[in-house]
Every structure is written in structure tokens, then in C-alpha cells.
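> below: sequence and its predicted model.
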Amino acid sequence: MIPPRLKNKILNQPQTTMRPVHLRLSEEIIGHLEDTAKAHGFNRIQGLIRLYIRQGLDKDNCNYSLADDVLFIEKLCKKGVSRKIIEEALNDVNKVCDLDK
């Protein structure tokens with residue numbers, strides 16, 4: 001098996017260090033997350049949870065931007081979302097942040 005760092009370097013993929021975070025959720029919440037993840041095309045609930053965290057950070061903290069999240073943008077591109085649409089959405093988010101200042 002090729003180590004992830006070497007594989008990313010060979011495939012020219014962005015380097016991202018991931019750390020595990022443990023949290024306790026009720027069975028009810030996990031069930032809702034599983035249903036929602038399937039409905040939105042996620043294989044696992046972790047991807048959906050990451051998306052929710054990113055959205056919350058964008059909303060609450062204008063110093064954080066999805067534009068800085070290279071991995072997230074690359075995954076959107078692989079799913080067929082055009083760079084133009086991504087840039088328009090990021091511009092819309094930035095306008096909201098500028099209004100809040």
C-alpha cells in the first residue's frame with residue numbers, strides 16, 4: 001500500500017492533514033444523518049458532517065472561507081460542478097460577509 005502523502009504527491013492532489021474528532025450523538029441524530037447523507041449522495045455521514053461544519057464556519061466566521069478548502073472544491077469539480085458555479089457561490093458568500101462588517 002502506498003502511503004497517502006506519497007500517493008497525493010504522485011497524483012498531484014492537495015495535501016490535507018486530517019485528525020480524528022470523537023463526539024457522541026444520539027441514535028436519532030445518527031439516523032437523520034444517515035438518511036440525509038444518502039439523499040445528498042454521500043457514502044458516509046462523515047462527509048455530511050464536514051459539510052455542515054464548513055457551512056456553519058462560513059456563516060459565523062467570515063475569516064474562514066470554503067475558497068480555502070481545496071479538497072472540498074476539488075470534490076465538487078469531480079462531481080461535475082463547474083468552477084464558474086463554485087466561484088459565483090463563493091462570491092455570493094463573500095458579499096454576505098462584507099455586508100456583516
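Arrived safely.
> tally of neighbours for Leu48?
Per other Cβ atoms under 10 Å, the neighbour tally for Leu48 reads 19. Where you see a C-beta, it was placed from the backbone N, CA and C, and this is true even at glycine.
> so who does it touch?
Leu48 is in contact with Leu33, Thr36, Ala37, His40, Phe42, counting by Cβ atoms under 8 Å, 6 or more residues apart in numbering.
> what's the closest non-adjacent residue to the fourth one?
Of all residues beyond its chain neighbours, the one nearest His40 is Leu48 (6.6 Å), with distances taken as Cβ to Cβ, 6 or more residues apart in numbering.
> so where does the one you found fall, helix or strand?
helix 45-60 (DSSP states H and E).
> quick check: next helix or strand after that helix?
Helix 45-60 is succeeded, C-terminally, by helix 70-78 (DSSP H and E).
> just want the angle from that following helix to helix 45-60.
Orientation note: helix 70-78 sits at an angle of 110 degrees relative to helix 45-60 (axes from the mean of the first three to the mean of the last three Cα atoms, to 10 degrees).
> how far away is the nearest residue to Lys79 once chain neighbours are set aside from Cys77?
Closest residue to Lys79 apart from its sequence neighbours, by Cβ to Cβ, 6+ apart: Gly41 at 7.7 Å. Gly41 sits 15 Å away from Cys77, going by Cβ to Cβ, to the nearest Å.
> so those two - more neighbours on which side?
Between Gly41 and Cys77, counted using other Cβ under 10 Å, the more crowded position is Cys77 (13 against 9).
> so the more buried one touches Glu87, yeah?
No: taking contacts as Cβ atoms under 8 Å, Cys77 lies outside contact range of Glu87: 11.5 Å.
> helix, strand or coil: sort out Pro20 for me.
Per DSSP: H, G, I helix; E, B strand; the rest coil, the local secondary structure of Pro20 is coil.
> contacting residues around Ile49?
Leu33.
> let's go with 10 Å and repeat that
Val21, Leu23, Leu25, Leu33, Ala37, Phe42 (Cβ atoms under 10 Å, 6 or more residues apart in numbering).
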